[in-house]
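In: fold the stuff below for me.
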Amino acid sequence: MKKEEQTPHINVDYFEDLTGNIEDGAQGDVEEVGTRIKELREKKGISIEDLANLTGFDQERLENIEKGVVKPQLGTVMKLSRALDSALGRLVSGVGDKLYSITRKAERKKISRSTSPKGEKNLYAYMSLAPEVQGRHMEALIVQLEANPAKDVSVHNGEEFIFVLEGTALLHINDEVFDLEPGDSVYYLSTTPHQIMAKEGKATILAVLYE
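Out: Sure thing, here's the model as predicted:
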């Protein structure tokens, strides 16, 4: 008896066409994130030492983030936004001034990168999909993950929804590990210890972060 060919549960080529290459977006600059953090901290009259006490991050790491030497991971930015009593989006992609935002594929903005805590390894690149919306509480991002042998789990306030577009994402959450293929998704409270990376090579996800 001839074995039937299995049809993939999702058309991966469709998502490749949909997302394109994250490098092809309009110019962005991750150093802007550190600059925004510094400007907001100084505006609120909070010292680096005070911010270190509020977040649990050491002072040197915060100084390196503000200088752009270390490019903060999104979980780190979420912690900083809470400590500075600011919306996440303000630090990630700036303050918007519109009631709604339609982002065409060719008009995506704000390519940024995140590195390991000491800045020695790129962990992922991300692109904001709706930076123009004023007073938003969600941040929608296309994220290109890389493999990461380090076990730097993240714990912070908020909620996250992840939908895998390309490649295989490896999710560590609590004491469990999951392979997430294109079309798979996960929703979790960010207070649950978690880490997501490419299983090998690169993987692309849609990430929606809610404060």
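In: now tell me what touches stretch 135-146 from outside.
Out: Residues outside stretch 135-146 that contact it (CB atoms under 8 Å, 6 or more residues apart in numbering) are 19, 22, 74, 87-89, 92-93, 96, 108, 122-130, 165, 167, 169, 196-198, 201-211. Quick note: C-beta positions are derived from backbone N, CA and C, even for glycine.
In: go through those and flag which are in helices.
Out: 19, 74, 88-89, 92-93 (DSSP state H).
In: which of the residues you listed are buried?
Out: The neighbour count (16 or more other CB atoms under 10 Å) marks 19, 74, 88-89, 92-93 as buried among the ones in helices among the contacts of stretch 135-146.
In: how about those in CSV, adding distance to Pro117 and pLDDT?
Out: Output for these, formatted as CSV (distance: CB to CB, whole Å; pLDDT from 0 to 100):
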residue, distance to Pro117, pLDDT
Thr19, 28, 46
Leu74, 13, 88
Leu88, 19, 80
Gly89, 23, 78
Val92, 18, 82
Ser93, 22, 75
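In: just the residues you listed now: which is nearest Thr115?
Out: Closest approach to Thr115 among these (CB to CB): Leu74, at 12.0 Å.
In: in the protein, where is pLDDT below threshold?
Out: By pLDDT under 70, the weakly predicted segments of the chain are 1-31, 109-110.
In: and for Leu54, the neighbour number?
Out: 14 (other CB atoms under 10 Å).
In: isn't it right up against Ala83?
Out: Yes. Between Leu54 and Ala83 there is a contact at 4.1 Å, judged by CB atoms under 8 Å.
In: circling back: between the buried ones among the ones in helices among the contacts of stretch 135-146, which is closest to Asn174?
Out: Of those, the one sitting nearest to Asn174 (CB to CB) turns out to be Leu74, at 19.3 Å.
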